[in-house]
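**Q** got a predicted structure here, sequence first:
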Amino acid sequence: MAKQILFIIALLITLGVFAYTIMRLWSFFKLTKPFPIRNYGKRIGLVLEIAFGQTKIFRRPVIGFLHAIVFWGFCVILLGSIEMVFDGVSGGEKSFYVAGFIYKFIFASGDVFAVLILIAIFIFIVRRLFFRIKRFMGSELSHKNHADAYVALSIIFLLMVSLLSMNVFYCAMHPTNLKGYYPVGIFLAGYFKDLNYESAHILYEISWWWHILLIFLFANILPYSKHFHVFLSIPNVFFSRLDPLGKLPNMDSITKEVKLMMNPETAFAAPDPNEAPPERFGVKDVEDITWKNYFDSLSCTQCGRCTSVCPANITGKKLSPRKIMMDVRARMKEKGPKLVKQGKDFSDSKALLKDYISLEEIWACTTCTACAQECPVNINQPTIIVDLRRYLVMEESSGPAGLNTIFNNITNNGAPWQFSPEDRMLWAEELYTK
Amino acid sequence: MEETKKIEVPVMAKVFANGQRPEYLFWVGCAGAFDDRYKKVARAFTKILEHFNISYAVLGKEETCTGDPARRAGNEMLYQMQALMNIETFGRYEVKKILTICPHCYNIFKNDYRDLGGNYEVMHYTQFLQKLIHEGILKIDSDLFKDKKITFHDPCYLGRANKEYHAPRAVLHAIPSHKVEMERHKSFALCCGAGGGQMFKEAEPGDKEVFIERTEEALRTGADIIATSCPFCMTMLTDGLKYKNKEEEIFNWDIAELVEKALGI
């Protein structure tokens, strides 16, 4: 009974803190622009393929395989964690055992996965510590970002240790009449044959509490960490942009203006005084982005696959698609609370553009979409880069000299180069075939 | 000397006035019309169209920029003005099918114009050639490239942007020759460095130019021919070959030119 009360208190604190975090993020999401979601069937397919199938992670087969082990393992072990919460609240033990064969299968898999995850996490830590992985050395990664990675990896490591010790001592407690099947647990319990029931039970209880409290802690650290992707990667894949990578979102406000201009009847008419003031073109700061852009930034775990394939970054330019995502998240963290508190007119004389993301970065992008292609959770970086360019070009009329020249040429002669439209057919002159 | 035939490229306004409705609009694009190197590709593809008696016409002086470079450089206003103008022109000539030689034109017609009401069946010329091969119309039995090693550079806007990795390879496959892939190819392909307006501006400071990185990768394959299917990739990789002093031994040809040569037309 005491255990039940303690557990319920711990659970309520966990849920309370978590609810606070979600409310806070929700208030930030409300500051952003719409991004319509349709085609639910297709989206479920994407989740099965990219999230559960881990297909994009496998683009790097070796390290991708290790990640997939961790991911699939988490999915299985999650069911065990749900049972622990159920047990904790109800005061029962192994409440889901009624599921029979399925239970045995899932818990046996979880037991084996715990060892595999332990190995994978160990490799991840060693790799981060002692190998020179270029994508983990980007200048945008601060000490805090690196620490963040080690904290998350260590917690996962300890979670797996506690899960295994829970299984081992459970097996030690019940040499017969075991609920479920634990291949690793039974094997390791062989080393604890001399343990009496009481000692095994105490060690089991310690492991149990250790494991569940660490889960509660982890769940509340994640939203403030780059490892928020543990929660958000699956929904982020679900909310993926479904358009081909080559397509850019249309600006309907511009379409309206251009159509008015092209129509001789409306081109010179006085503007409608009742019309709402036009919104800002493009993205200057976080309130101009869509909620999906912000969701992308929260889902980013800074793996740097995007940056490692970026032609600009590979050739030493400042642009790093990963940094764009990190900047969006950081800027929202800075400005979001003030916008919520002081209203949408709040200004701190800073902006995402220029103060976080420099012009040098924005203009180095070739829009090759390699970053978006590579992202394991389907983040789309090029659209936000183009949105930042849209602000610069259409609101500030600023852009690299070469681009201003092509704008003029396209306007005046319908080609980026300064050739007369009259010469459009010169290529076809004196053309002979056999 | 072999007998030669002069090609009069059909212009839409004229054929339309004569009551003809060509099946395809051949969109030449700015590079095909104005870039001296790429004019040869436009000519090569025209010869292929003529060789197979394809019903087509070009817009000629009525052709204008698709708006793509403006759009990707952030000038949405200019893009939409160009796009709406083009959609109007296409409507006037009842255009339903468009052939492009440039993947950027292909992409913007196929994807972006839809949002402005322009719905067309758009084909990149490599897809069109693949179709001709599939239908048994295009057959190549030349041994011109028999001993040559060809590597293909995927253009971003055909490849990743539209997931078309097969068509250009299918066409190359039909040309008797050795094919070799670069280390980064298909969805992993490295950009030539020209996209997103980079073609028309100075590169930002860095250690290296993107086109040199890509040219070096192409050279590592030991290929005799670097095949491209995009005017901007061609500019970049041809420059790369010059930069590496390889332009005398290794050639950058467009797939349309390879087909033209192999057909001997």
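**A** Now that the structure is in, tell me what you want to look at.

**Q** CA only for contacts and neighbour counts going forward, please
**A** Fine.

**Q** how far away is residue B:147 from residue B:260?
**A** According to CA to CA, to the nearest Å, residue B:147 and residue B:260 sit 18 Å apart.

**Q** higher neighbour count, these two?
**A** A direct count of neighbours by other CA atoms under 10 Å in any protein chain shown for residue B:147 and residue B:260 places residue B:260 higher, at 20 against 11.

**Q** just the CA atoms of the one helix or strand the more buried one maps to, as CSV, please.
**A** Per DSSP states H and E: residue B:260 is located in helix B:255-263. Only the C-alpha atoms of helix B:255-263 are listed here, as CSV (Å, rounded to 0.1, in the frame of the first residue of the first chain):
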residue,chain,number,x,y,z
ILE,B,255,23.0,12.5,-72.8
ALA,B,256,21.2,14.0,-75.7
GLU,B,257,24.5,14.5,-77.5
LEU,B,258,25.6,11.0,-76.8
VAL,B,259,22.4,9.7,-78.3
GLU,B,260,22.7,12.0,-81.3
LYS,B,261,26.3,10.8,-81.9
ALA,B,262,25.4,7.2,-81.4
LEU,B,263,22.5,7.5,-83.9
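
**Q** what is it packed up against?
**A** When contacts are defined as 3 or more CA pairs under 8 Å, 6 or more residues apart in numbering or on different chains; DSSP states H and E, helix B:255-263 sits against helix B:36-51, helix B:125-134, helix B:166-174.

**Q** what does it rub up against?
**A** The contact list for helix B:255-263 (CA atoms under 8 Å, 6 or more residues apart in numbering or on different chains) reads B:40-41, B:44-45, B:47-48, B:125-126, B:140-145, B:168, B:171-172, B:175, B:227-229.

**Q** just the buried residues out of the residues you listed, in ChimeraX syntax.
**A** Filtering the contacts of helix B:255-263 down to the buried ones (16 or more other CA atoms under 10 Å in any protein chain shown) takes a single ChimeraX command:
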select /B:40,41,44,45,47,48,125,126,140,145,168,171,172,175,227,228,229
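
**Q** using JSON lines, lay out the helices and strands packed on helix B:255-263 together with distance to residue B:203 and mean pLDDT.
**A** Below are the helices and strands packed on helix B:255-263 laid out as JSON lines (distance: least, CA to CA, whole Å; pLDDT from 0 to 100):
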{"stretch": "helix B:36-51", "distance to residue B:203": "22", "mean pLDDT": "98"}
{"stretch": "helix B:125-134", "distance to residue B:203": "30", "mean pLDDT": "98"}
{"stretch": "helix B:166-174", "distance to residue B:203": "29", "mean pLDDT": "98"}
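
**Q** rewinding a little: which ones among the contacts of helix B:255-263 also lie next to chain A?
**A** Near chain A, taking CA under 8 Å from any CA of the partner chain as the test, the members of these found are B:40, B:47.

**Q** do you know the pLDDT at the residue nearest the centre of chain A?
**A** Nearest to the geometric centre of chain A sits residue A:299, at 1.6 Å (CA atoms, centre = their mean). If you check residue A:299, the pLDDT there is 98.

**Q** distance of it from residue A:222?
**A** Using CA to CA, residue A:299 is found at 11 Å from residue A:222.

**Q** quick check: closest non-adjacent residue to the residue of the stretch 101-250 of chain A at minimum distance from chain B.
**A** Here the stretch 101-250 of chain A gets closest to chain B at one residue, residue A:246, 4.0 Å apart by CA to the nearest CA. Excluding its sequence neighbours, the residue lying closest to residue A:246 (CA to CA, 6 or more residues apart in numbering or on different chains) is residue B:161, at 4.0 Å.

**Q** so what's that neighbour up against?
**A** Counting by CA under 8 Å, 6+ apart, residue B:161 touches A:244, A:245, A:246, A:247, A:368, A:369, B:107.

**Q** wait, the residue nearest to the centre of chain A sits on residue A:232?
**A** Yes. Residue A:299 is within contact range of residue A:232, at 5.3 Å (criterion: CA atoms under 8 Å).

**Q** what is the neighbour count of the residue of the stretch 101-250 of chain A closest to chain B?
**A** By the measure other CA under 10 Å, the count of residues near residue A:246 is 24.

**Q** is it true that the residue nearest to residue A:246 lies in a helix?
**A** No. Looking at residue B:161 with DSSP: H, G, I helix; E, B strand; the rest coil, it is coil, so not inside a helix.

**Q** for residue B:180, see how far away it is.
**A** 23 Å.

**Q** over to residue B:24?
**A** Distance, residue B:24 to residue B:180, by CA to CA: 33 Å.

**Q** likewise residue B:209?
**A** 24 Å.

**Q** then residue B:39?
**A** Separation of residue B:39 from residue B:180 (CA to CA) stands at 27 Å.

**Q** which of those two has more neighbours?
**A** residue B:39 (21 against 15).

**Q** show me what contacts the nearest residue to the more buried one once chain neighbours are set aside?
**A** Distances taken as CA to CA, 6+ apart place residue B:32 nearest to residue B:39, at 4.6 Å, with adjacent residues excluded. Going by CA under 8 Å, 6+ apart, residue B:32 touches A:427, B:38, B:39, B:40, B:41, B:42, B:101, B:231.

**Q** got the contact list for the first one?
**A** Yep, that's residue A:427 we're talking about. Applying CA under 8 Å, 6+ apart to residue A:427 gives the contacts B:32, B:33, B:34, B:39, B:40, B:42, B:43.

**Q** enumerate the residues of the stretch 101-250 of chain A near chain B.
**A** Counting by CA under 8 Å from any CA, the stretch 101-250 of chain A comes close to chain B at A:244, A:245, A:246, A:247, A:248, A:249, A:250.

**Q** possible to save the residues you listed as CSV with secondary structure and pLDDT?
**A** Below are those laid out as CSV (DSSP: H, G, I helix; E, B strand; the rest coil; pLDDT from 0 to 100):
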residue, secondary structure, pLDDT
A:244, coil, 97
A:245, coil, 98
A:246, coil, 97
A:247, coil, 98
A:248, coil, 97
A:249, coil, 96
A:250, coil, 96
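
**Q** whichever of the residues you listed end up buried, select them in ChimeraX.
**A** Remark: buried members of these, expressed as a ChimeraX selection using 16+ other CA under 10 Å:
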select /A:245,246,247,248,250
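
**Q** give me phi/psi at the closest residue in space to residue B:196 that isn't next to it in sequence?
**A** With sequence-adjacent residues excluded and distances taken as CA to CA, 6+ apart, residue B:196 is closest to residue A:366, at 4.3 Å. Torsion angles at residue A:366 (phi, psi; degrees, to the nearest 10) stand at phi -100, psi 0.

**Q** list the residues that contact residue A:366.
**A** By CA under 8 Å, 6+ apart, the contact set of residue A:366 is A:311, A:312, B:191, B:193, B:194, B:195, B:196, B:197, B:198.

**Q** surely the third one is in contact with residue A:371?
**A** If I follow you right, that is residue B:191. No. In this structure, residue B:191 is not within contact of residue A:371 by CA under 8 Å, at 11.3 Å.

**Q** tell me the one of the contacts of residue B:161 nearest residue A:207?
**A** Distance to residue A:207, by CA to CA, is smallest for residue A:369 among the contacts of residue B:161, at 46.7 Å.

**Q** so that closest one is in contact with residue A:245, correct?
**A** Yes. Residue A:369 lies in contact with residue A:245 (CA under 8 Å); the separation is 6.6 Å.

**Q** identify the contacts common to the two.
**A** The contact sets of residue A:369 and residue A:245 overlap at B:160, B:161 (CA under 8 Å, 6+ apart).

**Q** show me what contacts the residue positioned nearest the centre of chain B?
**A** Closest residue to the average C-alpha location of chain B: residue B:101 at 3.1 Å, with CA atoms, centre = their mean. By CA under 8 Å, 6+ apart, the contact set of residue B:101 is B:27, B:28, B:29, B:32, B:42, B:124, B:125, B:229, B:230.

**Q** how close does it sit to residue B:126?
**A** Residue B:101 is 8 Å from residue B:126, by CA to CA.

**Q** so what's in contact with the two at the same time?
**A** By CA under 8 Å, 6+ apart, residue B:101 and residue B:126 have these common neighbours: residue B:229.
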